[in-house]
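Q: pasting the sequence and the predicted coordinates here, then a few questions.
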Amino acid sequence: MQQHTKHIYTATHTWLGVIAGILLFIVTFSGFPAMFAHELELWQSPALTNHQPAENTDLDRVISSARQQGFDHSDFFILPSEEHGYVMLFHSGESDHDFDMRYISLHDFTELDAGESEMAHIFEHLHTDLHLPRPFGRYLVGLAGMVMLLSIIAGIVIHTKWRKEFVMLRPKRSWRLMLTDHHKLLGLWTLPFSFILAFTGTILGLLGLISPILALAKFDGDVEKATIAVLGPRAEIVGEAAAPVSINQLYIESKKTQPELDVAFIQVEGLGDAGGVIKFSGNNQHHLSNLQSLTYTLKDGKQIHELNGVEKGPFQRIFAAVTPLHYVLFGDFALKVFYAISTLALCALIVSGNMIWLSKKQQTQQEANPGSEQNLHLLARLTLGICAGLILTSAATLSASQWLQGLTEQHHYEEGIFWGVWLLGIAYALAGNKLHHKTRIYLIASAALLLSTIIGDGVINQRWTWNSNELVVAIHTSLLALALVCGYFGWRLPRSDSKTNRPAELTDQVAQTA
């Protein structure tokens, strides 16, 4: 490779990371709890966690019982969960705050009190939309994935000595050299995972922009026709009342038609109307595909649409694998743990890239003005405030979800704590230069909050690690491990800043903000 070409790729890799590094960290780190959104949703509600599995799902009786308890919507989603013994019914209005969610027991068909916590959804919404209005937040996440993809490609091109760098680590040399070695090691070892995450995240984030292009290629630009071909026809409300057929029978029929279909959710449109439809959707049990669905009319149970992504061409099969690959909708819990560890390693990769750039800039300034005291770059402060602040606010929100259990409007307090702690963390990082001392405070505080989450679960919900089910034990163990990691690195950081102008120590001071 020519030196000029390599220089271009190096500059591209560096500046993509510097400009979008903090955004990439937010999207990547928030994906860590979002990956376990379902488990966290169960754990934050003792009534759901302690519910026993059911042998079968009687959807007709579930809907009838829910309607008797005030769930009188004609359009809603059904999420069956036999392994946990309940069914969730969800109706969404025009705004994000206009919704009706009910949990119905499959044992006695009474409504379960799932509590007021929305902690899992806070993390999930941050990962998918950055808490911005749709579709702008989703597009920004997609662009972040595209930046990561381009940065990965540029990194592959410039690191021609990857066999040597794959195992190279020089901890006894300078701090910047050790930081660079860690950055290369993390980049090489997480390369397959990073590429998959960036590729799938780009498609999911920019799907709203990609859909018209796909529609143009196959449906002459008719997006509605393309949507119907993939998702199936929508209900055509005619205003004529009609008693629906047995949904249980249609549920059984869908399993006969597609035995490999693992029904994840059921969409009902126009219940009680002659034009109503019902769609059973989910993942393929044997292949990486979430494009599996069957649509029936509610009036007479006639099948009007079928989608099976596995039986399509290679392009659609790849497209159908995007969502399962990104959200780990396959494999067992051990695979999720692998994804989680790789996600944290990717977060460290992103932050270390920023620190390498900052240390180079700090040393250049010191060499140009020897003997002068340099102020740390704004990017160093923002990296600490936003990145370490997100870790701190995540720990605070987890803790609040247990200590505020049972409080009316609990989700409003959780959201207030999430944004309040994060903003305070950013403001604290922007004031003063003692960033490595502040980093120690963030890490120790995060460790304490994670431990308080376990204690709060025991005190408030009487769910101690030694007397709970597998889900609670797994979450407590994970929280304890994260607390130990934060506490260890917080303890290892210096307790006070040393005032020196030597480049190596200045580099160390900046780098420790990671």
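A: That came through, no problem.

Q: rest of the way, CA atoms for contacts and neighbours
A: Will do.

Q: for the protein, which helix is longest?
A: In the chain, assigned by DSSP state H, the helix with the most residues is helix 333-368.

Q: for it, give the mean pLDDT please.
A: Taken as a whole, helix 333-368 carries a mean pLDDT of 79.

Q: quick one: name whatever helix or strand follows it.
A: helix 378-382 (DSSP states H and E).

Q: burial count for residue 131?
A: Using other Cα atoms under 10 Å, residue 131 has 15 neighbouring residues.

Q: phi, psi for it please.
A: Dihedral angles of residue 131 (phi, psi; degrees, to the nearest 10) stand at phi 60, psi 30.

Q: quick check: nearest residue in space to it, chain neighbours excluded?
A: Nearest residue to residue 131 in three dimensions, chain neighbours excluded: residue 125, at 5.9 Å (Cα to Cα, 6 or more residues apart in numbering).

Q: what about that neighbour, which helix or strand?
A: Counting by DSSP H and E, residue 125 is part of helix 119-129.

Q: residues making contact with the helix or strand following that helix?
A: The helix or strand immediately downstream of helix 119-129 is helix 136-158, counting by DSSP H and E. With contact meaning Cα atoms under 8 Å, 6 or more residues apart in numbering, helix 136-158 is reached by 6, 9-10, 12-13, 16-17, 20, 23-24, 27, 127-131, 191, 194-195, 197-199, 201-206, 208.

Q: and if we set it to 6 Å?
A: By Cα atoms under 6 Å, 6 or more residues apart in numbering, the surrounding residues in contact with helix 136-158 are 9, 13, 128, 129, 130, 198, 201, 202, 205, 206.

Q: out of the residues you listed, which end up buried?
A: Using 16 or more other Cα atoms under 10 Å as the burial test, the contacts of helix 136-158 include 9, 13, 128, 129, 130, 198, 201, 202, 205, 206 as buried.

Q: flag the shaky bits of the stretch 201-350 of the chain, pLDDT-wise.
A: Where the stretch 201-350 of the chain drops to pLDDT under 70, the residues are 211-230, 313.

Q: burial of residue 191, as a residue count?
A: Neighbours of residue 191 (other Cα under 10 Å): 17.

Q: one more: residue 18?
A: Other residues lying near residue 18 total 20 when counted by other Cα under 10 Å.

Q: which residues does it contact?
A: By Cα under 6 Å, 6+ apart, the residues touching residue 18 are residue 354.

Q: host element of it?
A: Element membership for residue 18, per DSSP H and E: helix 3-35.

Q: equivalent analysis for residue 89, please.
A: strand 86-92.

Q: Provide the secondary structure category for residue 289.
A: Under the three-state scheme (DSSP: H, G, I helix; E, B strand; the rest coil), residue 289 adopts coil.

Q: who's in contact with it?
A: 283, 320, 321.

Q: how about a cut-off of 7 Å?
A: Contacts for residue 289 (Cα atoms under 7 Å, 6 or more residues apart in numbering) come out as 283, 309, 310, 317, 320, 321, 324.

Q: out of those, which sit inside strands?
A: residue 283 (DSSP state E).

Q: before we move on, the earlier item: kindly reformat the contacts of helix 136-158 as CSV containing distance to residue 231.
A: Output for these, formatted as CSV (distance: Cα to Cα, whole Å):
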residue, distance to residue 231
9, 41
13, 39
128, 21
129, 22
130, 26
198, 25
201, 21
202, 21
205, 18
206, 18
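
Q: nearest to residue 260, of the residues you listed?
A: Closest approach between those and residue 260, by Cα to Cα: residue 201, at 26.1 Å.

Q: tally of neighbours for the nearest residue to the closest one once chain neighbours are set aside?
A: In this structure, residue 201 finds its nearest non-sequential neighbour in residue 145, 5.4 Å apart by Cα to Cα, 6+ apart. Residues near residue 145, counting by other Cα under 10 Å, number 28.

Q: next, count neighbours for residue 417.
A: 17.

Q: that one - nearest residue in space that isn't next to it in sequence?
A: Counting by Cα to Cα, 6+ apart, the nearest residue to residue 417 once its immediate chain neighbours are dropped is residue 397, at 6.4 Å.

Q: what is the mean pLDDT for the host helix or strand of the one you found?
A: Using DSSP H and E, residue 397 sits within helix 389-403. Helix 389-403 comes out with an average pLDDT of 96.

Q: how close does the residue nearest to residue 273 when sequence neighbours are not counted get to residue 417?
A: Computed as Cα to Cα, 6+ apart, the closest residue to residue 273 that is not its neighbour in sequence is residue 241, at 4.7 Å. As for residue 241, its distance to residue 417 is 47 Å (criterion: Cα to Cα, to the nearest Å).

Q: okay, the contacts of residue 289 in CSV with neighbour count next?
A: What follows is those, written out as CSV (neighbours: other Cα atoms under 10 Å):
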residue, neighbour count
283, 26
309, 25
310, 20
317, 19
320, 23
321, 21
324, 18
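
Q: residue 304: neighbouring residues, count only.
A: Residues lying near residue 304 (other Cα under 10 Å) number 13.

Q: helix, strand, or coil at it?
A: Residue 304 - assigned by three-state DSSP - is strand.

Q: ok, it touching residue 295?
A: Yes - judged on Cα atoms under 7 Å, residue 304 makes contact with residue 295 at a distance of 5.8 Å.

Q: which residues touch residue 479?
A: Neighbours of residue 479 in contact, by Cα under 7 Å, 6+ apart: residue 450.

Q: then residue 395?
A: Shown in contact with residue 395 (Cα under 7 Å, 6+ apart): 446, 449, 450.

Q: ok, 10 Å please
A: 389, 418, 421, 445-453, 479, 482-483 (Cα atoms under 10 Å, 6 or more residues apart in numbering).

Q: ramachandran angles for residue 408?
A: According to degrees, to the nearest 10, residue 408 has phi -60, psi 140.

Q: secondary structure class for the nearest residue to it once chain neighbours are set aside?
A: Once flanking residues are discounted, residue 408 sits nearest to residue 116: 6.9 Å by Cα to Cα, 6+ apart. Under the three-state scheme (three-state DSSP), residue 116 adopts coil.

Q: OK, contacts around residue 116?
A: Taking Cα under 10 Å, 6+ apart as the contact definition, residue 116 lies against 44-45, 401, 404-412, 414.

Q: cool, residue 454 as well?
A: Residues in contact with residue 454 (Cα under 10 Å, 6+ apart) are 398-399, 402-403, 463-465, 472, 475-477, 479-480.
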